[in-house]
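> Mind folding the following:
(chains A, B, C and D)
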There are 4 protein chains.
Amino acid sequence: MPRIFKASEEEKTEGKEVRKDYFDRHSPVILCEKTAKKGKKFRVKVRVGSEYSHPDDPDHYISYIQLWNRETLMAETSFPPGTLGNQKSQAEVDFYIIPVLSMNLSAMSYCTKHGLWQSEPVEVQVI
Amino acid sequence: MPRIFKASEEEKTEGKEVRKDYFDRHSPVILCEKTAKKGKKFRVKVRVGSEYSHPDDPDHYISYIQLWNRETLMAETSFPPGTLGNQKSQAEVDFYIIPVLSMNLSAMSYCTKHGLWQSEPVEVQVI
Amino acid sequence: MPRIFKASEEEKTEGKEVRKDYFDRHSPVILCEKTAKKGKKFRVKVRVGSEYSHPDDPDHYISYIQLWNRETLMAETSFPPGTLGNQKSQAEVDFYIIPVLSMNLSAMSYCTKHGLWQSEPVEVQVI
Amino acid sequence: MPRIFKASEEEKTEGKEVRKDYFDRHSPVILCEKTAKKGKKFRVKVRVGSEYSHPDDPDHYISYIQLWNRETLMAETSFPPGTLGNQKSQAEVDFYIIPVLSMNLSAMSYCTKHGLWQSEPVEVQVI
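This is a model prediction of the structure:
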């Protein structure tokens, strides 16, 4: 399987303290409410990068973002190069899901040059 | 090629006036500003259905939404069944793109039982 | 909706006789037996181009191939740039499906620079 | 991130000896030559399951197969339910790639009910 990168683990590696921007701009972040109503549409934003931006070059871009609830794939968005105008930015998408049970969400995103990255998980209580 | 359905054309077909709900719940609709700033992130919502809802059953659901700018694919979101809690709803996603030139956007969405549907086009002036 | 190109129709356009290589290298071709056994696995090859080859450059490549049976999507393969070693070649995939009823297959393929192209349809009798 | 299953690791877990068919029918297997010619098209078959078959039911099917070379995604095929005639079988696809350097291939496949599974890796020497 491909190696899967995670900023909070990479940062522990010796000598990698200086690469914070590299970790940041590859890491998907889940942004959503921590509580959702059962059976009601619920927005989950995923953005790749918090403080730093990533290129959108033909040979180096974010090509997909997946949203998972534990072991279940909820949705996936794929991008060709150029969606972000070939400029440095943060790939972003808002998914809309309808939760039934409490969720443990995570996101994966894939950079065509630097591989597969995972987000921190987010617990969402469904009431 | 698969036949591509469009509500505004289907409605002209004789005897199809009564099927407005069928057309509505399969038709992707683009919701966005009509003017965008060049080089700035721009949100484009696509929702399938305006007044009516579509099932999210394992054997009958909306499995993908594509966003096109003329002949160029901008982004695509795919859904497994269950994203919408297996209840009647409207598949929805917000794409974020960075426009460079004025755009003629259209959306396509695919129902696993009733095929491929296109939206009305939307002109976006980029200034 | 995006305009959908088809070699046999493009060729009728005045002045386009000279562009045979352009049409050829963008057109998906379905290669399979004309008869299939009901309930048995059946191979359907799709290759983009017959006599000519297409670039596999980061800013110009074939990014997906879809296989349709009438209005039903059977399978889709997506490629990042580089799958074909960044050299001129023909994107290719073998799908395996299990037919139940006779089929009318068609393929669609997408070039990141020149849009969406359809194959000639292929009838497969299922016995 | 979603947990990623691998038959050879799952089998070590106590009490799981009896679940060999469960592991087998979810595990993608890479079938290809061990040596490839640089710059020449090379076929890589991925089949999900070796001895056992998996359902192709609307609520339980193999929905995608990815082919990776180390941390680089080479190609991905997605299936809606029904591609395999709604009967027990083995999801299968032949990818065609053009190798440049020696490769360490792996495949991932996703079952809509039982999550993400990885293959054993395959070394391919490119000469």
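> contacts, neighbours, all on C-alpha from now
Will do.
> Now residue A:66: which helix or strand?
Assigning secondary structure by DSSP states H and E places residue A:66 in strand A:62-69.
> buried residues in the helix or strand bottoming out on mean pLDDT in chain A?
Every helix and strand of chain A was ranked by mean pLDDT, DSSP states H and E. The lowest is helix A:7-10, at a mean of 80. Within helix A:7-10, the residues that qualify as buried by neighbour count (16 or more other Cα atoms under 10 Å in any protein chain shown) are residue A:7.
> Output it in CSV, but only the C-alpha positions, please.
Provided in CSV are the C-alpha atoms of helix A:7-10 (Å, rounded to 0.1, in the frame of the first residue of the first chain):
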residue,chain,number,x,y,z
ALA,A,7,1.3,15.9,9.9
SER,A,8,1.1,15.2,13.6
GLU,A,9,3.2,12.0,13.1
GLU,A,10,5.7,13.4,10.6
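> what about the helix or strand that it is followed by and chain D, touching?
Towards the C-terminus, the helix or strand next in line after helix A:7-10, according to DSSP H and E, is helix A:20-26. No - counting by Cα under 8 Å from any Cα of the partner chain, chain D has no neighbours in helix A:20-26; the shortest distance is 13.9 Å.
> What number of residues are in the vicinity of the closest residue to residue A:106 other than its chain neighbours?
Leaving aside its sequence neighbours, residue A:106 sits nearest to residue A:121 (Cα to Cα, 6 or more residues apart in numbering or on different chains; 4.7 Å). Using other Cα atoms under 10 Å in any protein chain shown as the criterion, residue A:121 is surrounded by 18 other residues.
> Same check on the one 5 residues further on?
As a burial measure, residue A:126 scores 16 neighbours (other Cα under 10 Å).
> can you pull the contacts of it?
Residues counted as contacts of residue A:126 (Cα atoms under 8 Å, 6 or more residues apart in numbering or on different chains) are A:35, A:36, A:37, A:38, A:99, A:100, A:101, A:102, A:103.
> Got the confidence number for the residue nearest to residue A:106?
At residue A:121, the model reports a pLDDT of 96.
> which residues does residue A:117 bridge with?
When bridges are called by DSSP bridges, residue A:117 pairs up with residue A:5, residue A:109.
> Does it touch residue A:25 like I think?
No - using Cα atoms under 8 Å, residue A:117 makes no contact with residue A:25, being 10.2 Å away.
> which residues does the closest residue to residue A:86 other than its chain neighbours contact?
Using Cα to Cα, 6+ apart and skipping the chain neighbours, the partner closest in space to residue A:86 is residue A:56 (4.5 Å). Listed by Cα under 8 Å, 6+ apart, the contact set of residue A:56 reads A:62, A:81, A:82, A:83, A:84, A:85, A:86, A:87, A:88, A:89.
> Show me which residues of chain A are close to chain D?
A:1-3, A:68-73, A:106-108, A:112-116, A:118-121.
> Just those residues: which are in helices?
Using DSSP state H, no member of the residues of chain A next to chain D falls within helices.
> which residues does the residue lying closest to residue A:50 once chain neighbours are set aside contact?
In space, and not counting its chain neighbours, residue A:50 is closest to residue A:24: 6.3 Å by Cα to Cα, 6+ apart. The contact partners of residue A:24, by Cα under 8 Å, 6+ apart, come to A:7, A:49, A:50, A:51, A:52.
> What of residue A:67?
Contact analysis of residue A:67 by Cα under 8 Å, 6+ apart lists A:73, A:74, A:75, A:76, A:105, A:106, A:107, A:108.
> Tell me the buried residues within these.
Of all the contacts of residue A:67 considered here, the ones buried according to neighbour count by 16+ other Cα under 10 Å are A:73, A:74, A:75, A:76, A:105, A:106, A:107, A:108.
> Could I get the contacting residues of the last one?
Residue A:108 makes contact with A:28, A:65, A:66, A:67, A:68, A:116, A:117, A:118, A:119, D:1 under the criterion Cα under 8 Å, 6+ apart.
> residue nearest the centroid of chain A?
Among the residues of chain A, the one closest to the centroid is residue A:28, at 2.5 Å (Cα atoms, centre = their mean).
> can you pull up the bridge partners for that residue?
With DSSP bridges applied, residue A:28 shows beta-bridge pairing to residue A:48.
> Verify the stated contact: it with residue A:109.
Yes - here residue A:28 reaches residue A:109: they are 6.2 Å apart, a contact under Cα under 8 Å.
> Between those two, which contacts overlap?
Common contacts of residue A:28 and residue A:109 (Cα under 8 Å, 6+ apart): A:48, A:65, A:117, A:118.
> of all the residues you listed, which comes closest to residue B:95?
residue A:65 (11.8 Å; Cα to Cα).
> Identify the residues contacting the closest residue to residue A:113 other than its chain neighbours.
If the residues on either side of it in the chain are set aside, residue A:113 comes closest to residue A:60, at 5.6 Å by Cα to Cα, 6+ apart. By Cα under 8 Å, 6+ apart, the residues touching residue A:60 are A:81, A:111, A:112, A:113.
> Span of stretch A:84-93 from start to end?
End-to-end distance of stretch A:84-93: 12 Å, with Cα to Cα, to the nearest Å as the criterion.
> and it, how far from the chain's centre?
Its chain's C-alpha centre lies 13 Å from the corresponding centre of stretch A:84-93 when counted by Cα atoms, centre = their mean, to the nearest Å.
> Stretch A:52-65 now?
Counting by Cα atoms, centre = their mean, stretch A:52-65 is centred 13 Å from the centre of its parent chain.
> average pLDDT across it?
If you average the pLDDT values across stretch A:52-65, you get 96.
> End to end on it, go ahead and measure it.
Between the start and the finish of stretch A:52-65 there is a gap of 17 Å, counting by Cα to Cα.
> and what of stretch A:87-102?
By Cα to Cα, the extent of stretch A:87-102 from end to end equals 38 Å.
> Nearest to residue D:12 among the contacts of residue A:126?
Sorting the contacts of residue A:126 by how near they are to residue D:12, with Cα to Cα, puts residue A:103 at the top with 28.9 Å.
> I'd like the distance between the closest one and chain B.
Distance of residue A:103 to chain B, given as Cα to the nearest Cα, to the nearest Å: 12 Å.
> circling back: between all of the contacts of residue A:108, which two are at the greatest distance?
Between all members of those, the longest pairwise span (Cα to Cα) is found for A:68 and A:116 and amounts to 14.1 Å.
> The two - which one has more neighbours?
residue A:116 (23 against 20).
> How about that one: what's its closest non-neighbour residue?
Of all residues beyond its chain neighbours, the one nearest residue A:116 is residue A:110 (4.4 Å), with distances taken as Cα to Cα, 6+ apart.
> ok, residue A:116 touching residue A:3?
Yes - judged on Cα under 8 Å, residue A:116 makes contact with residue A:3 at a distance of 7.2 Å.
> Tell me the residues of chain A that contact chain C?
Taking Cα under 8 Å from any Cα, the part of chain A that reaches chain C is made up of A:58, A:59, A:80, A:81, A:112.
> Pretty sure the last one sits against residue A:61.
Yes - between residue A:112 and residue A:61 a contact is recorded at 5.8 Å, counting by Cα under 8 Å.
> where in chain A is pLDDT low?
Applying pLDDT under 70 to chain A flags residues A:13-18.
> which other residues reach stretch A:92-105?
By Cα under 8 Å, 6+ apart, stretch A:92-105 touches A:30, A:36-48, A:67-70, A:74-75, A:77, A:121-127, B:83-85, B:91-96.
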